[in-house]
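Q: Sharing a sequence plus its predicted fold:
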Amino acid sequence: MFLQFLFISSALLTIACSIAVLITKNLMHSCVFLLGALVGIAGLYATLGADFVAVTQIMVYMGGVVILMLFAVMLTGGKDFVSRAQNLLGLPASMGNKWTYGVGLLVGVVFLLTNIKLISGITMNVAGQPSTQTGSTVNQIGHLLVKDHVLAFEISSVLLLGALVGAAIIARPRKHN
Amino acid sequence: MNQTVVSYLSQYEFYDFLLALFKNNQSLLSFVIYLVLALAIVGMCATIGGLGTYAERKISADIQARIGPNRVGPYGLLQFLADGVKMMLKEDVMPFSADKMLFYLAPLLCLTGVFATLAVLPFSGGFIMTDLNVGIFYLVAISSLVGVGVFLGGYASNSKWSMLGGMRGASQIISYEIPVTISILAITLLSGGMGFGTIVGSQGGLPHQWFMFHNPFAFIATFVYFVGALAETNRAPFDLPEAESELVSGYHTEYTGMRFGFFALAEYIEVFVVCGVAAALFLGGYNLPGIKLDILPIQAVQFVIFMTKTLVLYYVVIWVRWTFPRLRVDQLMSICWKYLTPIAIFNLVGCAIWMVVFNGKSIAEILLGSH
């Protein structure tokens, strides 16, 4: 019962906030709704029993990415982006014209059909069973990271280090000579 | 599965009695137990936060050779209730050009982030709402919601002071999260788990069994964590987001009434939470020296031990606030990035090497030769 409640509330939060991200006209509000959508996705992970992934989702997106986006929007003038222009459907004009909507719809339908084809085999036999896995996923993730996927792990850490050094170089004060 | 307060209570006889009372509806009973305990813990921590304002004034008065609040109730003890009533009765003013939605949302985000951390705070062996396997990681992650709240509060007020305070607050919280998290990681290394039950369980009741005195690196990590936690909760000497001599009162300048009260309450409860985490991670948590029994009165004693350690740290936080002058912004950032973060990384590597070289033994075990 609790898992169902968690799933329904997380799913509703994700869907509602995702729609709100699209239809709101204020960029700052979009960022805040995006926060809600990402928290909803963390709830979905928690429903599936992936506790570590859920918490990492909160940590990375709520503690880092969304604050960074808020900073970026604010420093580049979040209020000036409030768009008054509208297209025929009453949506903000910045969202595109009928061609973009048409292409988007087509891609969406193709994507949906592909996904239904892919996951139908999995969902047919499960019958709404929640995750049977008990215990923590932390051990398994840790073992996989330093055994099977150690190369990818190390390469991505070098990549992140490069990004860090690059950011420091871009942000450092330049000497006038 | 994770150990929770419900699974702890279910080993006693009265749980069966309660179960019969609820007509064997297991999930409803769990829900009711969670609800009651959640309300109790939130109420208790809100009271502690309120009493924190009283303690702050009384201790500051003591340090400055004044008397402090002494009119409302015995020793002025009910001052915080009077303040609460005053804040609720005040007019709820909102700046004309404020961002309405974000203005309403910001204090709630702060308060939600702080209250959500209470779910994993280990008050005693049994009375921890849920002993998540990723407990400390969850706590660090969910408390970053406070940073979002502070930033949005500063932005939505549409005032220069608030904006500067909010930006300072967010950058400070993000920056100081790094040394704090790395110090916590060092302790995770020593205990071999991220759940609070595992971390506290692998320490002992006596000081030489605490992680603080496990090895020299953990000893330094304790202080790195404490300094970082002071900065994360925007406490002096790191209270730049609300520096009253420069920014009026920073990110909550434009807030009145209970919305301001929410920010203040969130701050005081967060101080309690970080002190509780420090007590659990470094000072042995709720462990009782020598007794291995697990009966309900022991739980009460454990609760008292945990609260004592936490409140002693709470006193230290207030003491620090009224002793040290405030830092400058550039000093704040250089302390974090040039000193605390390298020291924290050094501690992490040091702890890892210690665990390998000495086979996980603490310094006391090596000196005394016990096992």
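A: Received, thanks.

Q: Every contact and neighbour count from this point should use C-alpha atoms.
A: Will do.

Q: which residues of the stretch 251-371 of chain B fall in helices?
A: Assigned helices in the stretch 251-371 of chain B, in chain order: B:257-282, B:296-321, B:329-334, B:341-357, B:363-368 (criterion: DSSP state H, counting those that start in this stretch).

Q: Those helices into CSV, with extra columns for mean neighbour count, distance to chain A and mean pLDDT?
A: Formatted as CSV, the helices of the stretch 251-371 of chain B follow (neighbours: other C-alpha atoms under 10 Å in any protein chain shown; distance: least, C-alpha to the nearest C-alpha, whole Å; pLDDT from 0 to 100):
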stretch, mean neighbour count, distance to chain A, mean pLDDT
helix B:257-282, 23, 16, 88
helix B:296-321, 18, 24, 86
helix B:329-334, 14, 14, 84
helix B:341-357, 18, 14, 90
helix B:363-368, 12, 27, 78
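
Q: List, one by one, the residues from the stretch 51-200 of chain B near chain A.
A: Residues of the stretch 51-200 of chain B found near chain A (C-alpha under 8 Å from any C-alpha of the partner chain) are B:102, B:133-134, B:137-138, B:140-142, B:144-145, B:147-148, B:170, B:174.

Q: so which two of these are the farthest from each other?
A: B:Leu102 and B:Asn133 (33.7 Å; C-alpha to C-alpha).

Q: What are the buried residues along the lowest-mean-pLDDT helix or strand in chain B?
A: Here the helix or strand of chain B ranked lowest by mean pLDDT, DSSP states H and E is helix B:244-247, holding a mean of 71. Using 16 or more other C-alpha atoms under 10 Å in any protein chain shown as the test for burial, helix B:244-247 gives B:Leu247.

Q: other SSEs contacting it?
A: The contact analysis (3 or more C-alpha pairs under 8 Å, 6 or more residues apart in numbering or on different chains; DSSP states H and E) places helix B:244-247 against helix B:160-191.

Q: Quick one: distance of the helix it packs on to the chain centre.
A: 13 Å (C-alpha atoms, centre = their mean, to the nearest Å).

Q: Could I get the buried residue list for that helix?
A: B:161-191.

Q: what residues go with each domain of chain A?
A: A:1-81, A:96-123, A:137-177 (automatic domain parsing).

Q: State the pLDDT value of the residue nearest the centre of chain A.
A: Residue closest to the mean C-alpha point of chain A, counted by C-alpha atoms, centre = their mean, is A:Leu38 at 5.4 Å. pLDDT for A:Leu38: 91.

Q: After the one helix or strand it maps to, which helix or strand is next?
A: If you go by DSSP states H and E, A:Leu38 is part of helix A:27-47. Counting by DSSP H and E, the next helix or strand C-terminal to helix A:27-47 is helix A:51-57.

Q: For B:Val42, see how far away B:Thr198 is.
A: Going from B:Thr198 to B:Val42 by C-alpha to C-alpha, to the nearest Å gives 24 Å.

Q: To clarify, my last question referred to B:Gly169.
A: From B:Gly169 to B:Val42 the distance is 25 Å (C-alpha to C-alpha).

Q: ok, now B:Phe137?
A: 21 Å.

Q: Of those two, give the one with the bigger neighbour count.
A: Set B:Phe137 next to B:Val42 and count neighbours by other C-alpha atoms under 10 Å in any protein chain shown: B:Phe137 wins out with 20 against 17.

Q: So that one sits against A:Val55, correct?
A: Yes - shown here, B:Phe137 and A:Val55 form a contact pair, counting by C-alpha atoms under 8 Å, at 7.0 Å.

Q: Can you add distance to chain B and give the domains of chain A back as JSON lines?
A: Formatted as JSON lines, the domains of chain A follow (distance: least, C-alpha to the nearest C-alpha, whole Å):
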{"stretch": "domain A:1-81", "distance to chain B": "4"}
{"stretch": "domain A:96-123", "distance to chain B": "25"}
{"stretch": "domain A:137-177", "distance to chain B": "8"}
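
Q: Run through the helices of the stretch 1-150 of chain B in chain order.
A: Counting by DSSP H, counting those that start in this stretch, the helices of the stretch 1-150 of chain B are B:5-9, B:13-21, B:26-63, B:79-89, B:100-117, B:135-142, B:145-156.

Q: Same question for chain A.
A: Ranges of helices within chain A are A:2-23, A:27-47, A:51-57, A:66-75, A:98-126, A:138-146, A:150-171, based on DSSP state H.

Q: State the number of residues packed around A:Leu75.
A: 9.

Q: For chain A, what is the nearest residue in chain B?
A: The minimum distance from chain B to chain A, using C-alpha to the nearest C-alpha, falls at B:Ala141 (4.3 Å).

Q: Surely that residue touches A:Met59?
A: Yes - between B:Ala141 and A:Met59 there is a contact under C-alpha under 8 Å: 4.3 Å.
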